[in-house]
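after the sequence you'll find the predicted model.
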Amino acid sequence: MLRKDFYRRFLDQELIQYSLRGVEDKGSNLLPHFASLLQDIFCFLFKYNITYHNDADVASSALLNQKFLRAIHQGAQYDFLRDQTLLNEAHAGLSTLILGERLLALVREEKFLTRRDMRDLWDIQKQEELVNQKIEEYENADTIPEDQMSEEGKKALQKAKERMGGEVQGAEALLRHKTRQLKEDLNQIESQASNRLQAETIKVAQELEDATEEAETWGNTIGTGERTPPGQKLELGRRLAGNEKLKKLARMVGRMKLSALAIRKKVFERSSEELLEVEQGDAIHRLLPHELLSLHHPVLRKDFYRRFLDQELIQYSLRGVEEKGKGPMIVCLDVSSSMSGDKEIWSKAVTLTLLEIARKQRRLFRSICFSSAETPLQVLDMNPRDRYEVETKTVMDLAEYFPGGGTDFQKPLDAALDCLQQSRFKKGDIIFITDGECQVDPEWAEQFREEKEKLGFSLFSILIDMGPASLGTLKEFSDRISTIKQLTGDEAKEIFVKF
């Protein structure tokens with residue numbers, strides 16, 4: 001019970017639960033006690049002391065589980081994996097998920113068991129249930145008070161007990177026969193299963209190491225501001241490790257974000273300021289002149305160093321002219337077929353970099369991914385107003401979404417207009433990211449310009465000109481247009497400082 005409760009509490013705490021429960025449900029349709037097998041694997045990797053039950057205490061229908069665990073336990077591969085999972089819930093949970101998926105695949109491919117073997121396991125489980133049922137009926141018969149029965153009733157009860165006793169013995173004999181046959185079949189595949197599972201164990205250890213590394217890289221490059229549970233972080237890392245597009249996107253965002261934040265800091269670091277008062281601190285460039293005189297006296301110099309370390313030097317306090325507050329960002333992102341390849345990576349890297357700027361400035365950010373008129377828009381509120389933090393799952397939904405198909409500008413821009421009419425998105429602006437490969441109706445364009453003037457927002461287009469691209473349509477409704485090709489410092493300033 002403690003083992004089961006510990007595993008369940010782990011599932012309840014981590015978002016990895018959805019993947020594990022999916023594997024559990026699928027495996028339970030193929031093998032009896034598959035859920036218990038996953039629980040055993042988790043504790044097998046996580047706990048410090050491992051103790052096997054005696055064979056007599058293990059249900060016959062769970063003998064395959066025992067074979068799996070002993071096969072994994074053999075060899076140095078298990079020790080290598082266990083070094084990463086011992087007393088580490090997240091690592092043990094992800095390894096359980098990976099091993100469970102591998103076992104499930106091998107069972108489906110009949111690498112361990114034939115269909116007949118799997119059918120025999122289910123037959124044995126049913127026979128176990130039948131034996132338990134008959135034993136319960138036999139024991140319940142003893143609870144009937146005989147002093148309240150007639151002689152004929154006592155004789156009938158005795159005959160019934162004898163009949164039930166015979167049925168119990170027959171059911172147990174049949175169970176022993178089926179179990180003996182199953183053990184013989186399992187002994188024949190034990191060596192093959194052991195080799196396969198040991199090979200899978202070393203793959204799991206490598207995949208776990210890759211997932212940990214990718215999760216760390218993603219966290220360093222695309223910081224979302226949220227406290228991510230370890231299990232969720234590793235599940236994310238696993239998805240990244242198997243997806244070259246996301247790995248490339250993470251690297252691109254990392255470089256672009258550092259560049260954008262450095263440019264913004266450089267632009268605003270010398271904003272207009274005025275002297276306000278004096279305060280204590282350690283800012284050398286704002287020290288009062290008499291503090292610097294202390295450096296010329298051998299005794300006062302030591303006191304200067306002490307007060308510098310304690311941030312007790314007397315310095316000027318400056319008050320800057322506050323920059324006018326900026327409103328929400330609504331980013332319309334083209335995910336049509338013409339945006340595949342490097343265009344997709346560049347466009348999503350710009351989007352996620354703008355998201356980081358919005359998060360730091362506590363500004364709402366809504367993304368609207370669009371393609372053809374028939375394809376539904378993907379509308380995501382990336383940083384809800386409560387704390388303006390970004391959920392990793394939402395970022396992944398945006399990063400992985402790419403329906404392809406044709407291109408329609410009117411549908412996403414109409415949706416952006418509707419968004420700006422909501423109270424929480426008023427005073428916002430639209431960023432339109434595309435390769436420009438589309439035409440719009442002239443009447444619609446005229447009406448859109450009128451609405452833009454009425455609502456008083458700006459539309460800033462970013463042309464992804466990595467390959468075929470067109471400026472013609474964007475000029476009809478954009479206030480400014482920037483290109484992404486050869487993203488130099490000046491162009492980056494135009495894109496990222498504007499917002």
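Received the coordinates, thanks.

ok, the nearest residue to residue 290 once chain neighbours are set aside - contacts?
Setting aside the residues directly before and after it, residue 290 is nearest to residue 314 in space (C-beta to C-beta, 6 or more residues apart in numbering), at 7.9 Å. Glycine gets a C-beta too; all of them are placed from N, C-alpha and C. Residues near residue 314 by C-beta atoms under 8 Å, 6 or more residues apart in numbering: 278-280, 287-288, 290-291.

mind listing what's buried in stretch 369-385?
Of the residues in stretch 369-385, those with enough neighbours to count as buried (16 or more other C-beta atoms under 10 Å) are 369-371, 375, 377-378, 380, 382-383.

so for that stretch, mean pLDDT?
Averaging pLDDT along stretch 369-385 yields 90.

my guess is residue 348 meets residue 398, correct?
Yes - with contact defined as C-beta atoms under 8 Å, residue 348 and residue 398 form a contacting pair (7.0 Å).

pLDDT below threshold where in the stretch 351-499 of the chain?
Screening the stretch 351-499 of the chain residue by residue with the criterion pLDDT under 70, one finds the ranges 385-388, 485-499.

in it, which spans are helices?
Chain-ordered helices for the stretch 351-499 of the chain, with DSSP state H, counting those that start in this stretch as the definition, fall at 392-400, 410-420, 442-455, 489-496.

tell me which helix or strand the nearest residue to residue 82 once chain neighbours are set aside sits in.
Using C-beta to C-beta, 6+ apart and skipping residues adjacent in sequence, the residue nearest residue 82 is residue 45, 6.1 Å away. Residue 45 belongs to helix 34-46 when assigned by DSSP states H and E.

helix or strand right after that helix?
Remark: after helix 34-46, the chain's next helix or strand is helix 63-73, criterion DSSP H and E.

give the other helices and strands that that next one contacts.
Helices and strands touching helix 63-73, by 3 or more C-beta pairs under 8 Å, 6 or more residues apart in numbering; DSSP states H and E, are helix 34-46, helix 151-221.

before we move on, what SS does residue 330 have?
Taking DSSP: H, G, I helix; E, B strand; the rest coil as the rule, one finds residue 330 in the strand state.

neighbouring contacts of stretch 409-417?
Residues from elsewhere that reach stretch 409-417 (C-beta under 8 Å, 6+ apart): 330, 332, 368, 370, 373, 377, 379, 430, 432, 434, 438, 440-441, 444, 448, 451, 455, 473, 477.

among those residues, which ones are buried?
Burial of the contacts of stretch 409-417 was assessed by neighbour count (16+ other C-beta under 10 Å); the buried members are 330, 332, 368, 370, 377, 430, 432, 434, 438, 440, 448, 473, 477.

nearest to residue 112, of these?
Taking C-beta to C-beta as the measure, residue 377 is the one of those closest to residue 112, at 46.4 Å.

quick one: that closest one and residue 415, what's the gap?
Taken as C-beta to C-beta, to the nearest Å, the spacing of residue 377 relative to residue 415 amounts to 6 Å.

helix or strand right after the helix or strand of the chain with the lowest mean pLDDT?
When each helix and strand of the chain is scored by mean pLDDT, DSSP states H and E, helix 2-13 comes last, with a mean of 51. If you walk from helix 2-13 toward the C-terminus, the next helix or strand you reach (DSSP H and E) is helix 17-28.

and that following helix, how far out from the chain middle?
Centroid displacement of helix 17-28 relative to its chain, using C-alpha atoms, centre = their mean, to the nearest Å, is 16 Å.

over to stretch 107-127?
34 Å.

spatially nearest residue to residue 122, not counting backbone neighbours?
residue 32 (6.1 Å).

hang on, that neighbour in a strand?
No - if the criterion is three-state DSSP, then residue 32 is coil and not within a strand.

you'd agree it is up against residue 65?
No - in this structure residue 32 lies outside contact range of residue 65 using C-beta under 8 Å: 9.2 Å.

and the chain, what are its domains?
Taking automatic domain parsing as the reference, the chain has its domains at 1-242, 272-320, 329-496.

deepest-packed of those domains, please.
Burial of those is given as mean neighbour count (mean count of other C-beta atoms under 10 Å); domain 329-496 ranks first at a mean of 18.

quick one on the thing from earlier: identify the contacts common to residue 377 and residue 415.
Common contact partners of residue 377 and residue 415 (C-beta under 8 Å, 6+ apart): residue 368.

residues contacting residue 96?
With contacts defined as C-beta under 8 Å, 6+ apart, residue 96 is in contact with 20, 38, 41-42, 45.

hang on, the earlier thing: what's opposite the residue nearest to residue 290 in the beta bridge?
Using DSSP bridges, the bridge partners assigned to residue 314 are residue 280.

how near is it to residue 280?
Residue 314 sits 7 Å away from residue 280 when distances are taken as C-beta to C-beta.

among the contacts of residue 96, which one lies nearest to residue 119?
For the contacts of residue 96, with residue 119 as the reference and C-beta to C-beta as the criterion, the closest is residue 38, at 22.0 Å.

nearest residue to residue 199 in space, please, no chain neighbours.
Of all residues beyond its chain neighbours, the one nearest residue 199 is residue 77 (7.8 Å), with distances taken as C-beta to C-beta, 6+ apart.

packing partners for the regular element (helix or strand) spanning the one you found?
In this assignment (DSSP H and E), residue 77 forms part of helix 76-85. Counting contacts by 3+ C-beta pairs under 8 Å, 6+ apart, helix 76-85 packs against helix 34-46, helix 89-108, helix 151-221.

the inter-axis angle of the shortest one versus helix 17-28?
It stands for helix 34-46. With axes from the mean of the first three to the mean of the last three C-alpha atoms, to 10 degrees defining the directions, helix 34-46 sits at 130 degrees from helix 17-28.

go on, the second one?
Calculated by the same axes, to 10 degrees, helix 89-108 forms an angle of 30 degrees with helix 17-28.

which residues touch residue 473?
By C-beta under 8 Å, 6+ apart, residue 473 lies in contact with 409, 436, 438-440.

residue 251 is nearest to which of the domains of the chain?
Of the domains of the chain, the one closest to residue 251 (C-beta to C-beta) turns out to be domain 1-242, at 7.0 Å.

what about the stretch 51-200 of the chain, any weak spots by pLDDT?
For the stretch 51-200 of the chain, the stretches with pLDDT under 70 are 75, 138-139, 141-168, 171-172, 175, 182-183, 185-193.

do that again at 80, thanks
Low-confidence regions of the stretch 51-200 of the chain, defined by pLDDT under 80, span residues 53-64, 66-67, 70-78, 88-91, 93-94, 106-107, 109-118, 120-121, 124, 127-200.
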